[in-house]
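Trainee: Fold the following for me, if possible:
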Amino acid sequence: MTPTGSPRRLHAVDDRQITELADVLIDCVDGGASVSFMHPLPRDRAVAFWRRVAQGAAAGERALLVAEDARGLCGTVQLVLDQPENQPHRAELSKMLVHRRARRQGLGAALMRAAEATARECGKTLLVLDTANDEAERLYERLGWTRVGVIPGYALLPQGGLCSTAVYYRNLSG
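Mentor: Residues are numbered from 1 along each chain as shown. Got it, this is the predicted structure:
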């Protein structure tokens, strides 16, 4: 299914959106994505996670961007805007997730571009992220992100076993 619209920012998140975001997260974990959760991810834990994210989005501590197709929300990315006082210029890009039904259609790149535009609108000039996914690494590098390095044994894969994590940054000021 082709995504139907451009990514958009949610300042408030309703119950339907929480449910659909939980579906995306569960699908990604089921597919092996190392995104802070172990497999199997119970629905109540996924819903609780998105409720916390929604609170942060409503408070302006994070920007939550979503994209949808005819079946509902199918992709998301977050910017953690609330940083220490000596880092007001940066944000952390977090939980870039695309449901398996919507992959390989340009949605990841669209979400990343929307996140960068949102960061600029929020006055951020530096973005950072980490990933344990080779396919995501190719996307980030194609979009101009700079790889800092790799931390071996940084996290567990959803099914268990250590994985390495690559760290990236993107300078938005020039």
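Trainee: what is Ala155 paired to in the beta sheet?
Mentor: Cys163 (DSSP bridges).
Trainee: And it, how far from Trp145?
Mentor: Per C-beta to C-beta, to the nearest Å, Ala155 is found 19 Å from Trp145. (C-beta placed from N, C-alpha, C; glycine too.)
Trainee: Walking through this protein, point out its helices one by one.
Mentor: 15-30, 43-58, 107-121, 134-142 (DSSP state H).
Trainee: Output the below-cut-off pLDDT ranges for the chain.
Mentor: The model of the chain has pLDDT under 70 over residues 1-4.
Trainee: Which one's more surrounded, Ala155 and Trp145?
Mentor: It is Trp145, of Ala155 and Trp145, that has more neighbours when counted by other C-beta atoms under 10 Å, with 22 against 15.
Trainee: who touches that one in this structure?
Mentor: Leu129, Tyr168, Tyr169, Arg170 (C-beta atoms under 8 Å, 6 or more residues apart in numbering).
Trainee: Would you confirm that Leu172 contacts Gly123?
Mentor: No. Using C-beta atoms under 8 Å, Leu172 and Gly123 do not qualify as a contacting pair, with a distance of 10.0 Å.
Trainee: Neighbour count: the two, which is higher?
Mentor: It is Leu172, of Leu172 and Gly123, that has more neighbours when counted by other C-beta under 10 Å, with 18 against 11.
Trainee: OK, contacts around that one?
Mentor: Residues near Leu172 by C-beta under 8 Å, 6+ apart: Glu116, Ala119, Arg120, Lys124, Thr125, Leu126, Leu127.
Trainee: if we go to 6 Å?
Mentor: By C-beta atoms under 6 Å, 6 or more residues apart in numbering, the contact set of Leu172 is Arg120, Thr125.
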